[in-house]
Every structure is written in structure tokens, then in C-alpha cells.
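Colleague: Sequence and predicted structure below; questions after.
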Amino acid sequence: MAAAMVKLAAQQPGFLGMESARDALGITVSYWASLESIAAWQRNSAHVVAQQRGREDWYAEFKTRICKVERDYGFQHK
């Protein structure tokens, strides 16, 4: 289901990208162009079904955070 949701999210207007640490921490972060894009994704019928399955079958709890990224930078040793 997770792979299907990533593929579906990538097709949605306003989708900017995704990062995941599912194996280590069970965290997935998705990036969107606007609050409207996020709201549309939350209402997507296939995503609603996945959320329901998650609540009923896979997760004891989860948390959603909607945040604005003010700055993003990094370093890579070459």
C-alpha cells in the first residue's frame, strides 16, 4: 500500500517530493506546494481508503505534522 500511495501522491497537483525512513523509524515525509495541495491529497479517495486501512489493520497510532520548511541545506563529503 505504501508504494501505491507514493506513486499516487507523485501524480497529484502540488506534490514536490517525499523522503522516508520507514525501515528505521517508520517515518515518511511528503512535501507539497501549498496547504490546498495537502488538503486535496487528504481527500483523495484512494488515500482515504489507505488511511482507514492503516487505522484498522496496521497502526496502533500515528501522528501528522504540517510544517513549513524555511530552509533546507546539507553537506556531502566527496
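Modeller: Everything's here; your move. Numbering: from 1, shown residues only.

Colleague: Report the contact partners of the residue nearest the centre of the chain.
Modeller: Closest residue to the average C-alpha location of the chain: Ser30 at 3.7 Å, with Cα atoms, centre = their mean. Counting by Cβ atoms under 8 Å, 6 or more residues apart in numbering, Ser30 touches Ala9, Phe15, Gly17, Met18, Trp41. The C-beta positions use only the backbone N, C-alpha and C, and glycine is treated the same way.

Colleague: Show me where this protein has its helices.
Modeller: 2-10, 35-43, 45-53 (DSSP state H).

Colleague: Can you check which of the ones you listed gets nearest to Asp72?
Modeller: Checking the helices of the chain against Asp72 by Cβ to Cβ gives helix 35-43 as the closest, at 17.8 Å.

Colleague: what about that closest one, distance to the chain center?
Modeller: What separates the centre of helix 35-43 from the centre of its chain is 11 Å, taken as Cα atoms, centre = their mean, to the nearest Å.

Colleague: Buried residues of that helix, list them for me.
Modeller: The neighbour-count check on helix 35-43 (16 or more other Cβ atoms under 10 Å) flags Ser37, Ile38, Ala40, Trp41 as buried.

Colleague: Isn't the first one up against Ala9?
Modeller: Looking back up the chat, that one is Ser37. No - checked against Cβ atoms under 8 Å, the pair Ser37 and Ala9 is beyond contact range at 10.1 Å.

Colleague: Name the residues contacting each of those two.
Modeller: Jointly contacting Ser37 and Ala9 under the rule Cβ under 8 Å, 6+ apart are Phe15.

Colleague: Below-threshold pLDDT in this protein: ranges please.
Modeller: Scanning the chain for pLDDT under 70 picks out 24.

Colleague: Closest one of the buried residues of helix 35-43 to Lys68?
Modeller: The nearest member of these to Lys68, counting by Cβ to Cβ, is Ile38 at 11.1 Å.
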